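>>> Predicted coordinates and the sequence they were generated for:
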Amino acid sequence: MPSIRAPASQQTATLLVAVKCRPLTEIERQRSRHIIQVTDDKNLVILDPDLSKDYLERIQNRSKERRYSFDHVFAPGCTNADVYRNISSTIFGVIQGLNATVFAYGSTGSGKTYTMVGTRKDPGLMVLSFHTIFDLIKKDESSDIFEVSCSYLEVYNEVIYDLLEKSSGHLELREDPEHGIVVAGLRRIKVQSADKILELLNVGNNRRKTETTEANATSSRSHAVLEITVKRKQKNQYKSQILCGKLALVDLAGSERASETRSGGQKLRDGANINRSLLALANCINALGKQQKKGLAYVPYRNSKLTRILKDGLSGNSQTVMVATISPADDQYHHTVNTLKYADRAKEIKTHVHKNIGTVDTHVADYQRMIENLQVEVCHLRKELADKESQLTTKPAEKAADDELSWLNILSRETNENVQERINLQKALFELEETNIRNRIELQHLDDAIAKQEVVEKDGTVVQALRSRRQVILDNIRDNDEAGAGYKKDIEINEKHQRQLQNMIEEAISNNGNRTYLHILSQYRLLGMANTELQFEMAMRDQVIHNQREALRNLWNMLLGLGLEQKQIMDLAARQGIVIEDCTTPYANSVVTKQPPFLSHYRFSPSVAYPGLNVQPYVSTCFFQHHQGFSSMAYLGGQHDTPTVCRQEHLSSYYLLSPSYSQAGRSGMDSPWAGGRPGACFHTESVPQEACSFYSAMRAALCPCSKEQFTPASCEDYGQQLKESWAANSQDAWEVRSVAVNNSRHLHEELMRNSGTNCSVYQNSSAEIKGTGIPESRHLCSPYGTAPRAFNLSGS
Ligand SMILES: Nc1ncnc2c1ncn2[C@@H]1O[C@H](COP(=O)(O)OP(=O)(O)OP(=O)(O)O)[C@@H](O)[C@H]1O
């Protein structure tokens, strides 16, 4: 199966929000008033349901009347086809390898199922979408081969079931590093026509859990997700290229208050679970909306299966449509306002859409091999186990051993759940900490910017704005830290439980006569779990790799933003003996909108890909954040042979850049990422006049240890050193700031001595970097780093 690689080009898309108001039902017509006024195709007004309010209250603005604007608003007379016509462009991309998600959101009885599934006379969005997909495939004039498959699942009481299986067991969610969240064991059926999907949809819908509640005669008790995958094999393109688009169509269960549905027992339990996952969804929408408006807030996807399944649709790689369904009845006022409130928030949500292109990646292949090895081992053990089992069945089974075995089964099942829970908690904690790292970096930048701005600003408006932003970030950090502390506690409890389980398993094994058999059994299960944990680690590593890729992309933008041609960069890299894959995507001519080429190496030594820019993997996530929005940078200087100062819009990051690269340039200030934040980088053949004066001011403002350790005087010294090193332009330049080390003890001493100071340690060797005359050196300690670090300047 091909792996899906990251995008060659990625676009940010905004979640499209449409509101659909259904007509009053027969019963409602007798007892309710119509309070929705659709003023035009984008606006609606919800009237105050309380007619008794007097004139004074109304003019004093105590009315509960509300106005809302959305991408599309559909009045009760509109059909599903009307809705579909306005959102269908989202579906078109699916046959081109893009992902799309359409979900209906609203209170119980508001018309979600009607909108998604529809009726024979008024087919819903699910039916209309897969007809479109097959029409597009039919009309496609290329020689590409298409393969369409479909799956249909429901989440009922926080358990996933396969709606295409007659008696489906419980299915589990897994994090796949390449494909994101996947449902393990879900049946995916190849389909040749829209009619076949319709048939499967009907089969699935008959299996779906529905109940008659007070609010709706056929209320859906489960969330249903129909997923259509379109694989497009491009015959005339690169041998292995496969585009893989996915369309997720989601019909959510109805949310209701127990008092309204007058339900009890199982129904009440269902309702509680439905409401819990809808609440989780609402919280995610809230956090995502807040994230766009204010800053980085943690998005609690992990709180329900539904939100984990919808994660891509809500913020990942998907073009997404939310159809908010509302009832026009006055007694539904609160539900309707609630739905509209979340729909309004959802308008802020951004997703990042890119084509899913199948290739085989080296690092994935490595992991795949590891998993395969484990699987071979599992198979081997399974066989041994089967042999033992058959031996045992030939003998009269001992009751005690049977008991022991079922006890072991229970323990192993519990261990499995324990591992799964730990993985989820650790992943959640990881995500949370990543978010807070970014928040803290922004906070540092804001502090720097505030300090600078306070000196120059008279009226304090910008400072005020920066301060309020700082407060938002502080709040987010506090919220996330609190949530993180909760997760840590949960992990501790989980680990304690894990130890107890292990002790119990060992005890069960040592008490039993058939030790070998039980030992194999437990080993077999432990290996299965090790496999799961390995997959988790893969996901984590892939997260880091993903961040690095983003960092690389931004670096390319940065280089291209300087006006360099791709070819120049490639030549420069080639001269350093650095391999960068040729860009297969044609570039646009404009500087800042150019997409960087896709790099062949997902795993690379940090300095391999970019001459002179030493990026350490563990700071790459910070780096990614710094460079986000590079296209909106302001350029304060622009000559190609002198440094260019770039300023990001939020005034907090500065970069001093130049396209050329020299030993002298490197010798002084080539550790821009020390301390997890960018500093200045000079890469010019001759020292520019303004560099030193710039540098002292900038360094004082940017250096993480500027306040304590980096005094203006030392900046001046540094400027002087820089001039000298430039002038010396040879091995001498290195000597200005380098300490050569001869053996490992000496190296250790130097690292310790220089850690966190403004001195670098290099390990010189007699070899030179290919074609440059620069001695191959190992940069062992960054001037501003707080811990000893080592990476190879030559990239070899
Ligand atoms: N546009 C419409 N035109 C006519 N009738 C509609 C329309 N939308 C919904 N209805 C009717 O309203 C009722 C409730 O609709 P539906 O079952 O789709 O709601 P729901 O939001 O899916 O409810 P639940 O969340 O409880 O499953 C049904 O009787 C349905 O036929």
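Alright, I've got the coordinates.

>>> after the host helix or strand of Ile441, next one along is what?
For Ile441, the host element (DSSP states H and E) is helix 399-456. Following helix 399-456 in sequence order, the next helix or strand is helix 461-511 (DSSP H and E).

>>> State the distance from the residue of the stretch 201-350 of the chain found nearest the ligand to Asn480.
Closest residue of the stretch 201-350 of the chain to the ligand, C-beta to the nearest ligand atom: Gly254 (2.2 Å). The C-beta positions use only the backbone N, C-alpha and C, and glycine is treated the same way. Counting by C-beta to C-beta, to the nearest Å, the separation of Gly254 from Asn480 is 32 Å.

>>> repeat for Val337
29 Å.

>>> can you give me the helices for the stretch 251-400 of the chain?
258-261, 265-293, 305-309, 311-315, 333-346, 362-394, 399-456 (DSSP state H, counting those that start in this stretch).

>>> Can you flag the weakest of these by average pLDDT?
Ranked on mean pLDDT, the bottom entry among the helices of the stretch 251-400 of the chain is helix 258-261, at a mean of 40.

>>> Please verify my assumption that Leu429 contacts Ile491.
Yes: in this structure, Leu429 is within contact of Ile491 by C-beta atoms under 8 Å, at 6.9 Å.

>>> Please report phi then psi for Leu164.
Main-chain dihedrals, Leu164, degrees, to the nearest 10: phi -100, psi 0.

>>> Need the three-state assignment for the closest residue to it other than its chain neighbours.
Spatial nearest neighbour of Leu164, excluding adjacent residues (C-beta to C-beta, 6 or more residues apart in numbering): Arg187 at 4.8 Å. The three-state assignment at Arg187 reads coil, by DSSP: H, G, I helix; E, B strand; the rest coil.

>>> Please point out which parts of stretch 138-156 sit buried.
144, 146, 148, 150-156 (16 or more other C-beta atoms under 10 Å).

>>> One more: stretch 333-341?
333, 335-336, 338-341.

>>> low-scoring pLDDT stretches of the stretch 451-600 of the chain, where are they?
Where the stretch 451-600 of the chain drops to pLDDT under 70, the residues are 511-519, 533, 579-600.

>>> mind redoing it with 80?
Per-residue confidence for the stretch 451-600 of the chain (pLDDT under 80) gives these ranges: 457-459, 505-566, 573, 576-600.

>>> Return the residues in contact with the residue of it found nearest the ligand.
Nearest residue of the stretch 451-600 of the chain to the ligand: Ala483, at 29.9 Å (C-beta to the nearest ligand atom). Counting by C-beta atoms under 8 Å, 6 or more residues apart in numbering, Ala483 makes contact with 298, 300, 432.

>>> One more pass at 10 Å, please.
Neighbour list for Ala483: 298, 300, 428-429, 432, 435-436 [criterion: C-beta atoms under 10 Å, 6 or more residues apart in numbering].

>>> Export these as JSON lines, with columns for neighbour count.
Output for the contacts of Ala483, formatted as JSON lines (neighbours: other C-beta atoms under 10 Å):
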{"residue": "Tyr298", "neighbour count": "22"}
{"residue": "Pro300", "neighbour count": "17"}
{"residue": "Ala428", "neighbour count": "21"}
{"residue": "Leu429", "neighbour count": "18"}
{"residue": "Leu432", "neighbour count": "22"}
{"residue": "Thr435", "neighbour count": "22"}
{"residue": "Asn436", "neighbour count": "22"}
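
>>> Identify the farthest-apart pair in these.
Spatial extent of the contacts of Ala483 (C-beta to C-beta) is set by the pair Pro300 and Asn436 at 14.4 Å.

>>> Would you mind listing what in the chain touches the ligand?
22-23, 25, 106, 108-114, 216, 218-220, 253-254, 325 (C-beta under 6 Å from any ligand atom).

>>> Drop anything exposed from those residues.
So, by 16+ other C-beta under 10 Å, the buried ones in these are 22, 106, 108-114, 216, 219-220, 253-254, 325.

>>> Among these, name the least confidently predicted one.
Where pLDDT dips furthest among these: Asn216, at 65.

>>> quick revisit: would you mind measuring from the closest residue to the residue of the stretch 201-350 of the chain closest to the ligand other than its chain neighbours to Ile309?
Nearest non-adjacent residue to Gly254, counting by C-beta to C-beta, 6+ apart: Thr108, 2.8 Å away. For Thr108, the distance to Ile309 (C-beta to C-beta) stands at 21 Å.

>>> How about Lys341?
Counting by C-beta to C-beta, the gap from Lys341 to Ile309 is 23 Å.

>>> try Ala428
When Ala428 is compared with Ile309 (using C-beta to C-beta), they lie 16 Å apart.

>>> helix, strand or coil for Ser168?
coil.

>>> Could you count how many residues lie near it?
18 (other C-beta atoms under 10 Å).

>>> How about the one 3 residues further on?
The tally of other residues near Leu171 (other C-beta under 10 Å) stands at 19.

>>> Can you tell me, leaving aside adjacent residues, what's nearest to it?
Ile160 (4.2 Å).

>>> unless I'm mixing things up, that neighbour is touching Leu173, no?
Yes: if you go by C-beta atoms under 10 Å, Ile160 and Leu173 touch, sitting 6.9 Å apart.

>>> That's all I had, so thanks and see you.
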